[in-house]
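S.K.: Make a model of this:
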Amino acid sequence: MNIPTLLGFFGGWGVLIAAIFFISSTNNMPMSGFYDQTGMIIVVAGMIMATLLKASMAEIKNLFSIMGQSFVGVIESPTLVIERMVEFATIARKDGVIALESQEISDPFMAAAVRMLVDGQQPHVVKQTLNSELVSMKLRHKHGISVIAYMGEVAPAMGMVGTLVGLVALLANMDDVATLGKNMSVAVLTTLYGAFLANAVFLPIANKLGVQSDLESLNREIIIQGVQFIQAGGNPRVLQDQLSAYVAPNKRNTVTA
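M.R.: The predicted structure follows:
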């Protein structure tokens, strides 16, 4: 589980609920006063419909699965990937590439790379296959993240639409005092709903997924370079120095051969 994402998500909702509770208690008003069905429909339904216009059906089907990755997806540190590749290079140089067949590898991309090494695939075939997989992954992540980011962009816009609807109803019924509060609540609460969904849910999740995608891409680039180096039969210590360039200078000393 991705603990920071869980804390941020539920903490954001907790802050909002606590604020509503505090304001309600100090002003002797029910918490239900912060709920408006019309405003919620405008924001949520409007956001969903706009997203359907933008995204393909395949992207919509995978939307919740993609968002779930920000909560459960934990990307391995590049330093650990470097250590594993150096370990593979050491084994291959000492016992031959075929000895890598017995290694237990949890990462599917790394496992596929090592399997091609063991099978004796040509270097250009290995490089092209792994690079194609990397490009495909980046494209999938880009499309999925763009849909979530769009939801974050359109939610405040739908909140503004609800505000305008409430203001129109308010101005059209200025002589009816009984409807002033209802229309004003629609105008204000839709802005609240849209702003919160955008800035506490969808935009942070999109940004988090973007960071995870960049980190996973970096790990795969490390694997690709490591595999090419192993095929060339290079010195593992040289490989460690080369791959350490992928991490920050203050992290390089943590990479052990």
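
S.K.: confidence score at L171?
M.R.: L171 carries a pLDDT score of 82 in this model.

S.K.: State the number of residues packed around it.
M.R.: Other residues near L171 come to 9 when the count uses other Cβ atoms under 10 Å. In this view, the C-beta of every residue, glycine as well, is placed from N, C-alpha and C.

S.K.: repeat for M158
M.R.: 26.

S.K.: what helices or strands is the lengthiest helix in the chain leaning on?
M.R.: Ordering each helix of the chain by length in residues (DSSP state H) puts helix 123-172 first. Applying 3 or more Cβ pairs under 8 Å, 6 or more residues apart in numbering; DSSP states H and E, we find helix 123-172 packed against helix 37-40, helix 46-54, helix 57-61, helix 63-72, helix 108-118, helix 177-197, helix 203-231.

S.K.: closest to G144 out of the ones you listed?
M.R.: helix 63-72 (4.1 Å; Cβ to Cβ).

S.K.: what angle do that closest one and helix 123-172 make?
M.R.: If you take axes from the mean of the first three to the mean of the last three Cα atoms, to 10 degrees, helix 63-72 sits at 100 degrees to helix 123-172.

S.K.: Let me know the angle separating helix 63-72 from helix 46-54.
M.R.: Between the axes of helix 63-72 and helix 46-54, defined by the same axes, to 10 degrees, the angle is 110 degrees.

S.K.: ok, and what's touching helix 63-72?
M.R.: Residues outside helix 63-72 that contact it (Cβ atoms under 8 Å, 6 or more residues apart in numbering) are 1-2, 5-6, 9, 55, 144-145, 147-148, 205, 208-209, 212.

S.K.: Export it to CSV, keeping only CA atoms.
M.R.: Extracted in CSV, the C-alpha atoms of helix 63-72 (Å, rounded to 0.1, in the frame of the first residue of the first chain):
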residue,chain,number,x,y,z
LEU,A,63,-10.0,4.5,-15.1
PHE,A,64,-10.6,3.1,-11.6
SER,A,65,-7.8,0.6,-12.0
ILE,A,66,-5.4,3.4,-13.0
MET,A,67,-6.4,5.6,-10.1
GLY,A,68,-6.0,2.6,-7.8
GLN,A,69,-2.3,2.4,-8.7
SER,A,70,-1.7,5.6,-6.8
PHE,A,71,-3.0,3.9,-3.6
VAL,A,72,-1.5,0.4,-4.0
